[in-house]
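*Asks:* Test case, fold it:
(one chain, ligands or ions: 1)
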Amino acid sequence: SIVFLNDGFMPIEEAKISPLDRGFLFGDGIYEVIPTYNGKAVGLEPHMQRMFDGLAAIGIKSTKTLAEWRELIEQLLEANEGDYLGVYLQVSRGADVKRYHAYPENVEPTIFAMTTAIKPAIAADASAAKGFSVSTTEDMRWKRCQIKSTALLGNVMHFQQGYENGSDEILLYNENNFLTEASSSNAFIVKDGVVITPIADNQILPGITRKLILDILEKDGSIPVEVRNVSMEEVFNADEVWVTSSSKEIAPVTSIDGKVVGDGKVGQVWEAAFKLYTAHKYEY
Ligand code: PMP
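*Replies:* Alright, predicted model coming up:
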């Protein structure tokens, strides 16, 4: 595949970075993944805004403007094959001359972009959708989960825990037994027709899929939405549970820790929400 590194495009085999790159040594960088379907991006601007927020939060000076990123993404999509591509963007603080914790001055950030194959949008049909099975565990990550940092070891270790249990994802809860999110997704529950998701504070990544779903449902108005704390008791007693992300869109969860969710089938609110999402996602 063709990737972008620093100032140009090249085959991935030719893309090389220094072992002193702080992305490599410290996980000192910010990344983003933007889904595209037949060249059409979903949520490009909110994705880029989140990346700019993350860079500002860790003190990496602005690298490219929105217009420059847009152009880079267009060229990257033209250079690569595939109808369903995730655009992976990463900016690390760059390579210093030595390994030293303090942010170095006058170091150019390392800019990297590649495409990854994503699945086509899943069938907007409850009978065709696969239910996810998830496990649960206490969230052991840091208190700055709103930053989309490349330092993903906490998330990776949680995902692996679920993976080794045969789960598709793992739901995380804080020390007060409230749902935070999942290891690589946001989480929603549905109870008595109301869609509920945790507040986007420092305990979760403010997912763009989450944001789009909330906005689309609020504008449509037929499905009530609440953003508030969600206890794990509510999760286990929910009629439906969903996990959402750019690559999986809205995935219905049908089993948690081996127990069925609701009636064990993909839910009707999921089906309605997914249809609305599919109809409106390109507006963002
Ligand atoms: N939470 C975490 C921890 C994530 O890594 C992701 C993205 N994979 C999400 C939530 C979902 O974010 P988005 O909808 O922007 O992909």
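*Asks:* Okay, and the beta partners of the residue nearest to Gly267 when sequence neighbours are not counted?
*Replies:* Nearest non-adjacent residue to Gly267, counting by Cβ to Cβ, 6 or more residues apart in numbering: Glu240, 3.5 Å away. C-beta: built from backbone N, CA, C; applies to glycine. Beta bridges link Glu240 to Val190 when assigned by DSSP bridges.
*Asks:* I figured Glu240 hits Val261, correct?
*Replies:* Yes: using Cβ atoms under 8 Å, Glu240 is in contact with Val261, at 6.5 Å.
*Asks:* still on that earlier bit, the residue nearest to Gly267: neighbour count?
*Replies:* Glu240 has 24 neighbours, counted by other Cβ atoms under 10 Å.
*Asks:* got it, and Gln268?
*Replies:* Counted with other Cβ under 10 Å, Gln268 comes out at 14.
*Asks:* Ok, Tyr84 next?
*Replies:* Neighbour count of Tyr84, defined by other Cβ under 10 Å: 16.
*Asks:* which residues does it contact?
*Replies:* 35-38, 117-121 (Cβ atoms under 8 Å, 6 or more residues apart in numbering).
*Asks:* Export the residues you listed to TSV and append columns for pLDDT and secondary structure.
*Replies:* Shown next, in TSV, are the contacts of Tyr84 (pLDDT from 0 to 100; DSSP: H, G, I helix; E, B strand; the rest coil):
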residue	pLDDT	secondary structure
Pro35	97	strand
Thr36	96	strand
Tyr37	93	strand
Asn38	92	coil
Ala117	92	strand
Ile118	90	coil
Lys119	80	coil
Pro120	72	coil
Ala121	65	coil
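*Asks:* Out of those, who's the most crowded?
*Replies:* Ranking the contacts of Tyr84 using other Cβ under 10 Å puts Pro35 first, with 26 neighbours.
*Asks:* tell me the mean pLDDT for the strand or helix carrying Tyr277?
*Replies:* With secondary structure defined by DSSP states H and E, Tyr277 is part of helix 268-280. Averaged across helix 268-280, the pLDDT comes to 95.
*Asks:* I'm done for today, thanks for sticking with me.
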